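>>> got a predicted model here, sequence first, then my questions.
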Amino acid sequence: MEEMTEEVLTSSSIYKLVNKYKPDIIIDCINSATGIAYQDIYSTYHRVKTIMEKNPTAETMIEEMEKMMCTLYIPQLIRHIQILYTSMNKCATQAYVKIGTSGTGGMGLNIPYTHSEEKPSRVLLSKSSVAGAHTLLLFLMGRTPDGPITKEIKPTAAIAWKKIEFGEIKKRGKAIELVEVDIKDSIKLEGKLKLKLDKEFETKGILTSVFIDTGENGTFSRGEFEAITAQGQMEYVTPEEIAVDAIYEIKGGNTGHDIINALDNATLEPTYRAGFMQHTAIEKLEELEEKYGKDSVAFELLGPPRLSKLLHEIYLLKKVCGTFKNIVETPSKDLSQKLFNLIKENSQLRSEIISIGIPILMPDGKQLLRGNEMKIPPFRGESELDLTEDNINLWAKDGWVDLRISNMETWKERIQSLMNEVENIPSNDTSSMHVRNRKYWNNFETIDIGKVVGWLFIKEERGERMKA
């Protein structure tokens, strides 16, 4: 439940495995959804509920609640993807192919093959939910620049088979023992039915039979296999067919079975109409800004706080300098003082910044102007935090308007880099290659704060969209 750290990453089994072999390609056939969902949060809940009804001690409740928190599906899945993605990035993995699952073998909510009396089974639907969430996280991973090529093949049928033979029948790796019960030991159906016997019956021998081993899905009898693979039921696909598709996709072929590619093609991407009308929306906003004499900067409703911080900082620079060139040519110390004077003299502007949860760090770095709420640092269980230099620098970076000289130097470097990028475009290059050219930046005569922060998110945060 804590934030991802280097220690969390390097201590994980996935990282150790990937770092040891540094594979170019990973084919992941682990049924992650089953592993996560079959921890069964519902059974854990019922156990906790029963314990609560017996007036437990605080120690017992803490222990049980910890167990329940450990079965939460989504945090486990998110941490799995965080570790997997970071491990592959560090080790320069080129391609990742996931063999996923629908959770129901392609059947609907009416699936008759469940592990409980409930239909449809909540545990089974949890498996499908985790599988779906997993796919969407892989979809995002496939849209991340510099990450591995990401694909997922999701069989929607039972997968079979590994072997067919006669022998011991095993459940969870252990042979099923035959229980020896005499006909006269039948129980009377009176009062209450005990789910667990006070004294278990003796076992004698091991269950043996003819079976088909379907691998991960388990061992089936002829009857079970015949039923589940019948036309109109789950039916099945062979492991070899899945392997052929995986290899073909890795080689650059198109099987039509890559879920990530299917989502790329099925989702509604940004449109020409919206792009055309964006200019109209911006013009209307500018018109209303001029009409009401109110600049629209940031409300801290979009997030993250860093967005609001950056927007307000470049807005303050715009107010005191006017142009990119003036920002670059003004000494950092003077910029810091000018921004401080503006904040000091303009109470309305000052109030608007701190009222949305964005504090203002004074030029000396030792004083903070804040409102009733601060978005950074976020609450992590502690109401008071140590004011160390490292913490102050971190919080200032993440969500404080920073008036220190060092931050003014950072902004000058950013603006200079932005201008250099445009200056490096040959004057005779009128191709469609460059989007952010002189015209985009209004020949550096005016500053559009949203455009500047958008550019920063691409360059500094490496947050560029890579697919339509």
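Arrived safely, thanks for sending. Residues are numbered from 1 along each chain as shown.

>>> domain-wise, how is the chain divided?
Using automatic domain parsing, the domain parsing of the chain gives 6-157, 298-459.

>>> which SSE is immediately downstream of the helix or strand V123 falls within?
If you go by DSSP states H and E, V123 is part of helix 122-141. Using DSSP H and E, the next helix or strand after helix 122-141 towards the C-terminus is strand 149-153.

>>> what pairs with the following helix or strand past that following strand, parallel or antiparallel?
Helices and strands here follow DSSP H and E; after strand 149-153, the next one along the chain is strand 158-159. Strand pairing for strand 158-159, using DSSP bridges, gives strand 236-237 (parallel).

>>> all strands of the stretch 251-400 of the chain, in order?
Using DSSP state E, counting those that start in this stretch, the strands of the stretch 251-400 of the chain run over residues 360-361, 368-369.

>>> give me whichever of the ones you listed is most buried.
Ranked by mean neighbour count, the strands of the stretch 251-400 of the chain are led by strand 360-361 with a mean of 22 (mean count of other Cβ atoms under 10 Å). Every residue, glycine included, has its C-beta placed from N, CA and C.

>>> contact partners of that one?
For strand 360-361, contacts defined as Cβ atoms under 8 Å, 6 or more residues apart in numbering pick out 343, 350, 353-354, 367-370, 392, 396, 400-404.

>>> name the residues of stretch 362-379 that are buried.
362-363, 365, 368-369, 371, 374-376 (16 or more other Cβ atoms under 10 Å).

>>> and which of those residues is nearest A298?
Checking the buried residues of stretch 362-379 against A298 by Cβ to Cβ gives K375 as the nearest, at 11.2 Å.

>>> isn't the closest one right up against I353?
No - assessed by Cβ atoms under 8 Å, K375 is found out of contact with I353, at 11.6 Å.

>>> rewinding a little: let me have the domains of the chain in TSV, extended by distance to E180 and mean pLDDT.
Formatted as TSV, the domains of the chain follow (distance: least, Cβ to Cβ, whole Å; pLDDT from 0 to 100):
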stretch	distance to E180	mean pLDDT
domain 6-157	27	93
domain 298-459	55	95
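
>>> report the separation between the closest residue to I25 other than its chain neighbours and E190.
In this structure, I25 finds its nearest non-sequential neighbour in A95, 4.7 Å apart by Cβ to Cβ, 6 or more residues apart in numbering. Going from A95 to E190 by Cβ to Cβ, to the nearest Å gives 63 Å.

>>> looking at these two, which one has more neighbours?
Neighbour totals were compared for A95 and E190, and A95 leads with 16 against 6 (other Cβ atoms under 10 Å).

>>> for the stretch 1-150 of the chain, just list every one of the helices.
Secondary structure of the stretch 1-150 of the chain (DSSP state H, counting those that start in this stretch): helices located at 6-10, 13-21, 32-37, 41-52, 58-70, 73-90, 122-141.

>>> for those helices, give me CSV that also has mean neighbour count.
As requested, the helices of the stretch 1-150 of the chain are exported to CSV (neighbours: other Cβ atoms under 10 Å):
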stretch, mean neighbour count
helix 6-10, 12
helix 13-21, 14
helix 32-37, 20
helix 41-52, 14
helix 58-70, 12
helix 73-90, 17
helix 122-141, 19
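
>>> out of these, nearest to V179?
Nearest of the helices of the stretch 1-150 of the chain (Cβ to Cβ): helix 41-52, 23.6 Å.

>>> show me how far the closest one is from its chain's centre.
28 Å (Cα atoms, centre = their mean, to the nearest Å).

>>> what are the contacting residues of that helix?
60-61, 64-65, 67-68, 71-73, 122-123, 126.

>>> residues in contact with Y85?
Neighbours of Y85 in contact, by Cβ under 8 Å, 6+ apart: 141, 144, 147.

>>> who touches the first one in this structure?
By that I understand M141. Residues counted as contacts of M141 (Cβ under 8 Å, 6+ apart) are 81, 85, 96, 147-148, 150.

>>> the same query, at a cut-off of 10 Å, please.
81, 84-85, 88, 96, 98, 147-150, 152, 260 (Cβ atoms under 10 Å, 6 or more residues apart in numbering).

>>> same question for L140.
Taking Cβ under 10 Å, 6+ apart, one finds 81, 85, 147, 150, 260 in contact with L140.

>>> 7 Å instead?
Listed by Cβ atoms under 7 Å, 6 or more residues apart in numbering, L140 has no contact partners.

>>> how close does it sit to G454?
20 Å.

>>> how much space between D146 and L418?
Taking Cβ to Cβ, one finds D146 at 22 Å from L418.

>>> L342 against L316, yeah?
Yes - at 6.1 Å, L342 counts as touching L316 under the criterion of Cβ atoms under 7 Å.

>>> now the residue nearest to I25, which residues is it bridged with?
Beta-bridge pairing for A95 (DSSP bridges): I25, I149.

>>> so the residue of the chain most remote from its centre, which of the three states?
In the chain, counting by Cα atoms, centre = their mean, K184 sits farthest out from the average C-alpha position, at 58.4 Å. Per DSSP: H, G, I helix; E, B strand; the rest coil, the local secondary structure of K184 is helix.

>>> give the contact list for it.
So K184 contacts nothing (Cβ under 7 Å, 6+ apart).

>>> so for it, what's the pLDDT?
pLDDT recorded at K184 is 87.

>>> from C321, how far out is G303?
Following Cβ to Cβ, the distance that separates G303 from C321 is 27 Å.

>>> make that I260, sorry
I260 is 45 Å from C321, by Cβ to Cβ.

>>> more neighbours, these two?
Of the pair I260 and C321, I260 is the one with more neighbours under other Cβ under 10 Å, namely 25 against 20.

>>> name the nearest residue to that one, ignoring sequence neighbours.
G142 (4.8 Å).

>>> I14 now?
Closest residue to I14 in three dimensions, ignoring its sequence neighbours and counting by Cβ to Cβ, 6+ apart: I83, at 5.1 Å.

>>> next one: I259
Once flanking residues are discounted, I259 sits nearest to E152: 4.4 Å by Cβ to Cβ, 6+ apart.

>>> repeat that for K412.
For K412, the closest residue by Cβ to Cβ, 6+ apart turns out to be V328, at 5.5 Å.

>>> now swap in E216 and tell me
N31 (5.8 Å).

>>> give me the neighbour count for G191.
The burial count for G191: 6, using other Cβ under 10 Å.

>>> wasn't it part of a strand?
No - membership of G191 in a strand is not supported by three-state DSSP, which gives coil.

>>> so it versus L109, what's the distance?
Distance from G191 to L109, by Cβ to Cβ: 36 Å.

>>> check V422 too.
56 Å.

>>> and if you look at V328?
Distance from V328 to L109, counting by Cβ to Cβ: 62 Å.

>>> higher neighbour count, those two?
Between V328 and L109, V328 has the larger neighbour count (other Cβ under 10 Å), namely 17 against 10.

>>> for the more buried one, which residues are in contact?
412, 415-416.

>>> ok, of those residues, which come out buried?
Buried among the contacts of V328 by 16+ other Cβ under 10 Å: 412, 415.

>>> tabulate the contacts of V328 (CSV), appending distance to Q39.
Formatted as CSV, the contacts of V328 follow (distance: Cβ to Cβ, whole Å):
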residue, distance to Q39
K412, 53
I415, 52
Q416, 53
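
>>> if anything else comes up later, I'll come back, but that's it for now.
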